[in-house]
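1. this is the structure alone, sequence omitted:
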């Protein structure tokens, strides 16, 4: 597969579109011709987890065209967060897209997504202020705003998001439902390193000494899931015990929620979520449990 950097659509080629005005007519024409557009929104720095999202997208039923957006969204970064140092290996990202059979890449600039004077944003609702939202005020407003814009610009039939960012997945689904976006939002299971650490673009920030310690999060979640038949308190106690074994971890939250992230589940499927800092790196993870 070759790469074209000018607009349009060419089967068997990766075509890069750099503005909404370029990609919007292409995806709408494809849908008008009976093709289904599937979208994987990313901030770049693509890794094996993103590859898995793309593979799921390409396996979507029907005559599909796979699109990937690459955009480091400033609205979802708070003061003092890592916007400036967030990795941006564009050529490597395009190589990943080409290798995985992506046909359309949307690569806008900040001014394309947020022209001067643009100040309308999405309000996530109560869940947007909990868990990650409490630790990162305004984060989900920024996430949902850019996802809403991507849904309008690319007009996908289906969009794929990783379960590693589980709260983001739930909020995007709620937005699509509440605001009547004609988009099916699909979650893809978390891809992990051999030691269980969830793949993340921010893992590159971990030092050699911190890297094995980071896997404590997965061990804690697994310990909680292993005793889930004993009830919610047993799950939380088991996970806390493992986290306490690694003093370098500064735990921000450990919570058990139902699959839609409502609090205090007592039976059935639930989600165990954790966030912690290790040195300068903030890590999140989650796991499904059966109470």
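-> Okay, I see it. Bear in mind that the values here come from a model prediction, so they are computed numbers and not experimental data. Numbers count the residues shown, from 1 in each chain.
2. list the helices and strands the helix or strand containing residue 185 packs on?
-> Taking DSSP states H and E as the definition, residue 185 sits inside strand 184-188. Applying 3 or more Cβ pairs under 8 Å, 6 or more residues apart in numbering; DSSP states H and E, one finds that strand 184-188 contacts helix 48-58, strand 158-162, helix 166-178. In this view, the C-beta of every residue, glycine as well, is placed from N, C-alpha and C.
3. tell me the most buried of those?
-> strand 158-162 (a mean of 23; mean count of other Cβ atoms under 10 Å).
4. and the next element down the chain from the lowest-mean-pLDDT helix or strand in the chain?
-> The weakest-scoring helix or strand in the chain, judged by mean pLDDT, DSSP states H and E, is strand 2-4 (a mean of 51). From strand 2-4 onward toward the C-terminus, using DSSP H and E, the following helix or strand is strand 13-17.
5. mind listing what that following strand pairs with, with the direction of each?
-> Sheet partners assigned to strand 13-17 using DSSP bridges are listed as strand 2-4 (parallel), strand 104-106 (parallel).
6. on that earlier part again, ok, and what's touching the strand holding residue 185?
-> For strand 184-188, the surrounding residues in contact (Cβ atoms under 8 Å, 6 or more residues apart in numbering) are 52-53, 56, 157-163, 166, 169, 172-173, 176.
7. quick check: the farthest pair among those residues?
-> 157 and 166 (23.0 Å; Cβ to Cβ).
8. helices along the protein, start to end?
-> For the chain, the helices defined by DSSP state H occupy 20-32, 48-58, 90-99, 110-113, 132-135, 139-154, 166-178, 210-214, 216-226, 232-244.
9. as JSON lines, the helices and strands packed on strand 184-188 with distance to residue 257 would be great.
-> Supplementary listing: these in JSON lines, determined by distance: least, Cβ to Cβ, whole Å:
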{"stretch": "helix 48-58", "distance to residue 257": "22"}
{"stretch": "strand 158-162", "distance to residue 257": "17"}
{"stretch": "helix 166-178", "distance to residue 257": "9"}
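10. out of the ones you listed, nearest to residue 73?
-> helix 166-178 (11.8 Å).
11. how far away from the center of its chain is that closest one?
-> Helix 166-178 sits 11 Å away from the centroid of its parent chain (Cα atoms, centre = their mean, to the nearest Å).
12. kindly report the same for stretch 201-210.
-> On Cα atoms, centre = their mean, the centre of stretch 201-210 falls 19 Å from that of its chain.
13. that one: end-to-end distance?
-> For stretch 201-210, the first-to-last residue distance is 15 Å (Cα to Cα, to the nearest Å).
14. in TSV: the helices and strands packed on strand 184-188, plus mean pLDDT and distance to residue 98.
-> Formatted as TSV, these follow (pLDDT from 0 to 100; distance: least, Cβ to Cβ, whole Å):
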stretch	mean pLDDT	distance to residue 98
helix 48-58	97	11
strand 158-162	98	18
helix 166-178	98	27
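15. wait, residue 167 sits on residue 129?
-> No - assessed by Cβ atoms under 8 Å, residue 167 is found out of contact with residue 129, at 11.1 Å.
16. just to check, residue 146 is in contact with residue 77?
-> No - counting by Cβ under 8 Å, residue 146 does not reach residue 77; the two are 11.3 Å apart.
17. so these two - more neighbours on which side?
-> residue 146 (23 against 18; other Cβ atoms under 10 Å).
18. could you find the closest non-adjacent residue to the more buried one?
-> In this structure, residue 146 finds its nearest non-sequential neighbour in residue 73, 4.4 Å apart by Cβ to Cβ, 6 or more residues apart in numbering.
19. perfect, I'm done here.
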